[in-house]
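Asker: Using only what follows, build the 3D model:
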Amino acid sequence: MKKIIPFLILCLIATCNAELRTWTAVNGKEVEAEFVSREKGVVKLKLKSGKVFEVPFDKLSELDQEFLKAKPSSGSLAENIVGKVMTFVIEGNDFPIHFYGNGIMRGGESGIIVDIGTYKIEGNEVLILLEGKRNGGISFSSSSPKVGDQVEFGPEEEKIKVKITKIEHIAETKAVKEMPLNPNLKYEIKDGTVSITGCNEGALGKLVIPATIEGKSVSSIKKDAFYDCMSLTSITIPDSVTSIGSNAFYKCTSLESIKIGDSVTTIGRNAFEKCSSLRIIIVPDSVTSIGDLAFGRCTKLTSVTIPHSVTSIGFGVFLNCENLNNIKIPDSATSIAGRSFSGCTSLTNITIPDSVTSIAGYAFQNCTSLNSIIIPDSVTSIGDFAFLSCSALTAVTFHGDSPKVGNDVFLDATPTIYRKPEAKGWGDNWAGRPVKLISEKP
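Answerer: Numbering: from 1, shown residues only. You can find the predicted model right below:
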C-alpha cells in the first residue's frame, strides 16, 4: 500500500510533449511557451527551456486573452478537486485518483482501488504524504483543472507529464452529516460503512440508532459520541454495530435503559461511566472485551449479565456501583482487575469461577456488605489491599493451595480463612488472619 504511488512513477518512462502555442504581446512580440496558470491578472508561461516567466494578462493580444478566458476561472484548487475522482492516463492505462474530504487519497488500476496515503494542498500542487512524510505530488497547471489538462505527477526528481481524461464527483463527499429524520444524531460514512460520531447534548427521551443509513450499515459508535447527553432516557443499539467506543455514553445521567445489539464485540473504556440512572445491563454474548471503568459510577445499577464470551474485563469496570447486588463473573475470565468491584457496597456475595488465576489490588475494596467469598484452586495470587475495608466479611474459603499474597489484603476486615486439609502452604495465620479447616466452618 505504502508504495502505491512510487510503484507507478518508477515504472513509467514515457513522457508527453508539452502543449506549446505561440503567444503574442500587444507590442507584437511573439514567444512559444506552455501555459502554466492565470492568477490575479498575471499569466505564467513556461519556455521550452523550462524557464517560467510572468506576463500581465492585459499585455497579451486579444486572441490570447480570448484563449485564456475560455479556460475555467481560477480559484482554490481544494474547491475544484476535493470530493472528486480524477482519472489520469498513465502508459495507456486509466488510473483514477479519489480526493476525499478527510484528506485521504485512494487510487488504482483495473477497478482495484486502494489507499495511497493522505494529501495536502499547497497552491496548485497536491502533496502526497505517507506516514506524515512527503512522497511525491501532483502539480496542476491551474487551480481549476479540466479534462485534457496535463499535470506533473510523481516524486520531485522524477515527475512525468500525464493527462486528465475524466473528472467526476465522489459519492458522500461530506464526512459528517446530519440525519434528515433526527437532527440530533451525527454520523460519518467511510469505506462503505457508517459510524455514529455525535449527538446534540440537548437530545431528549428515547433514541433508536438505525441499522442502516443511506443504504449503508451502521457498524460502530465512536468515542465520545453521546458524551454528556444528560436528557436521553433510552438507547437502542442495532445488531449491525460491532464496537462501542470509549466515553461513548459517558455521563448520560438520565439514561435508564440500553439495548446493546447482538454483534457488539468490544465495549470501550468509560463507555457508560456515570450513567447514574442505569439500573440493568445485559451484555450480549458477542462481546469479548469490556474496557476500564466501562460501567464505573453507575450508582443505580443493580444487575449485570456478563456472557461467557467475555475474556477481558478492565480496571474499575464496576467501580462505586453502590447498588450492584447481582452479578456473575463468567468462567471465560482469567483475572479480576484492580478495583473491579471497589465501592460496590450492596454486593453481599460473589462467585469467582475456576478460570480466574489472579485477583488484583483493591479488587473488592470497600465492599462493605460482602460477608463471604469462595476462592477457587485456580487462583495463584491476590494483590495488595484486595479486600480493604470489607467490614462485613466473616469467611474466606480457599479450595486450593496458599496463593501468593500482597500487602494488607484484609486491612480493616476481620474474616476467618478456611482451607481444605490437603492444601499446601497454609499455616495458622495467613495475611494476618486465622486459618481453620473447612470442616470447622460454622
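
Asker: what's the burial count for the spatially closest residue to residue 326 that is not a sequence neighbour?
Answerer: Spatially, and ignoring its direct neighbours in sequence, residue 326 is nearest to residue 303 (4.3 Å; Cβ to Cβ, 6 or more residues apart in numbering). The way it works is simple: take the backbone N, C-alpha and C, and place the C-beta from them, glycine included. Using other Cβ atoms under 10 Å, residue 303 has 14 neighbouring residues.

Asker: My guess is residue 303 contacts residue 328. True?
Answerer: No. Taking contacts as Cβ atoms under 8 Å, residue 303 lies outside contact range of residue 328: 10.0 Å.

Asker: ok, now which ones touch residue 349?
Answerer: Residues counted as contacts of residue 349 (Cβ atoms under 8 Å, 6 or more residues apart in numbering) are 370, 371, 372, 373.

Asker: go on, residue 209?
Answerer: 185, 196, 218, 221, 235, 236, 237, 238, 241.

Asker: residue contacts, residue 334?
Answerer: 311, 355, 356, 357, 358.

Asker: which stretches of the stretch 301-442 of the chain form strands?
Answerer: 303-305, 312-313, 326-327, 335-336, 358-359, 372-375, 381-382, 395-398, 404-405, 416-419, 429-430, 433-437 (DSSP state E, counting those that start in this stretch).

Asker: Tell me which of those strands sits nearest to residue 267.
Answerer: strand 312-313 (10.1 Å; Cβ to Cβ).

Asker: Partner strands of that closest one and their direction?
Answerer: Sheet pairing of strand 312-313 (DSSP bridges) gives strand 289-290 (parallel).

Asker: Please work out the average pLDDT along the partner strand.
Answerer: Averaging pLDDT along strand 289-290 yields 94.

Asker: which one's the longest helix in this structure?
Answerer: helix 62-69 (DSSP state H).

Asker: quick one: buried residues of that one?
Answerer: For helix 62-69, the neighbour count (16 or more other Cβ atoms under 10 Å) marks residue 64 as buried.

Asker: for the protein, which spans come out with low pLDDT?
Answerer: Within the chain, the stretches with pLDDT under 70 are 1-19, 36-40, 68-75, 101-102, 108-115, 130-132, 171-183.

Asker: That one: helices as residue ranges?
Answerer: Secondary structure of the chain (DSSP H): helices at 6-9, 62-69, 77-81.

Asker: Dump the C-alpha coordinates for the second one into PDB.
Answerer: Listed in PDB are the C-alpha atoms of helix 62-69, where the atom choice follows Å, rounded to 0.1, in the frame of the first residue of the first chain:
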ATOM      1  CA  GLU A  62      -6.900  39.900 -27.800                       C
ATOM      2  CA  LEU A  63      -6.600  36.400 -29.300                       C
ATOM      3  CA  ASP A  64      -4.600  35.200 -26.400                       C
ATOM      4  CA  GLN A  65      -6.900  36.800 -23.900                       C
ATOM      5  CA  GLU A  66      -9.900  35.100 -25.500                       C
ATOM      6  CA  PHE A  67      -8.000  31.800 -25.300                       C
ATOM      7  CA  LEU A  68      -7.400  32.300 -21.600                       C
ATOM      8  CA  LYS A  69     -11.000  33.400 -20.900                       C
END
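
Asker: what's it in contact with?
Answerer: Applying Cβ under 8 Å, 6+ apart, the contact partners of helix 62-69 are 21, 23, 24, 35, 38, 43, 57, 58, 60.

Asker: on that earlier part again, whichever of the contacts of residue 209 end up buried, select them in PyMOL.
Answerer: Filtering these down to the buried ones (16+ other Cβ under 10 Å) takes a single PyMOL command:
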select buried, resi 185+196+218+221+235+237+238+241
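
Asker: Name the nearest of the contacts of residue 209 relative to residue 256.
Answerer: residue 235 (9.8 Å).

Asker: give the contact list for the closest one.
Answerer: So residue 235 contacts 206, 207, 208, 209, 226, 249, 252, 255, 257, 258, 259 (Cβ under 8 Å, 6+ apart).

Asker: which among these end up buried?
Answerer: With neighbours counted by 16+ other Cβ under 10 Å, those contain buried members at 207, 209, 226, 249, 252, 255, 258.

Asker: Strands - which of those land there?
Answerer: 207, 258 (DSSP state E).

Asker: possible to save the buried ones among the contacts of residue 235 as a markdown table with distance to residue 123?
Answerer: Shown next, in a markdown table, are those (distance: Cβ to Cβ, whole Å):
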| residue | distance to residue 123 |
| --- | --- |
| 207 | 45 |
| 209 | 43 |
| 226 | 41 |
| 249 | 44 |
| 252 | 46 |
| 255 | 50 |
| 258 | 50 |
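
Asker: sorry, back to before: possible to save the contacts of residue 235 as a markdown table with distance to residue 339?
Answerer: Below are the contacts of residue 235 laid out as a markdown table (distance: Cβ to Cβ, whole Å):
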| residue | distance to residue 339 |
| --- | --- |
| 206 | 33 |
| 207 | 31 |
| 208 | 34 |
| 209 | 31 |
| 226 | 25 |
| 249 | 20 |
| 252 | 22 |
| 255 | 23 |
| 257 | 26 |
| 258 | 23 |
| 259 | 28 |
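
Asker: Strands of the stretch 1-150 of the chain, residue ranges please.
Answerer: So, for the stretch 1-150 of the chain - with DSSP E, counting those that start in this stretch - the strands run 20-24, 30-39, 42-46, 52-56, 84-90, 93-99, 104-107, 114-122, 125-130, 133-139, 150-154.

Asker: looking at those, which is closest to residue 297?
Answerer: Of all the strands of the stretch 1-150 of the chain, strand 104-107 comes closest under Cβ to Cβ, at 37.7 Å.

Asker: And that closest one, what does it pack against?
Answerer: Here strand 104-107 touches strand 93-99, strand 114-122, going by 3 or more Cβ pairs under 8 Å, 6 or more residues apart in numbering; DSSP states H and E.

Asker: Which strands border it, and is each parallel or antiparallel?
Answerer: Strand 104-107 pairs in its sheet with strand 93-99 (antiparallel), strand 114-122 (antiparallel), by DSSP bridges.

Asker: coming back round to it: of the contacts of residue 334, keep whichever come out buried.
Answerer: If we count by 16+ other Cβ under 10 Å, the contacts of residue 334 have these buried: 355, 356, 358.
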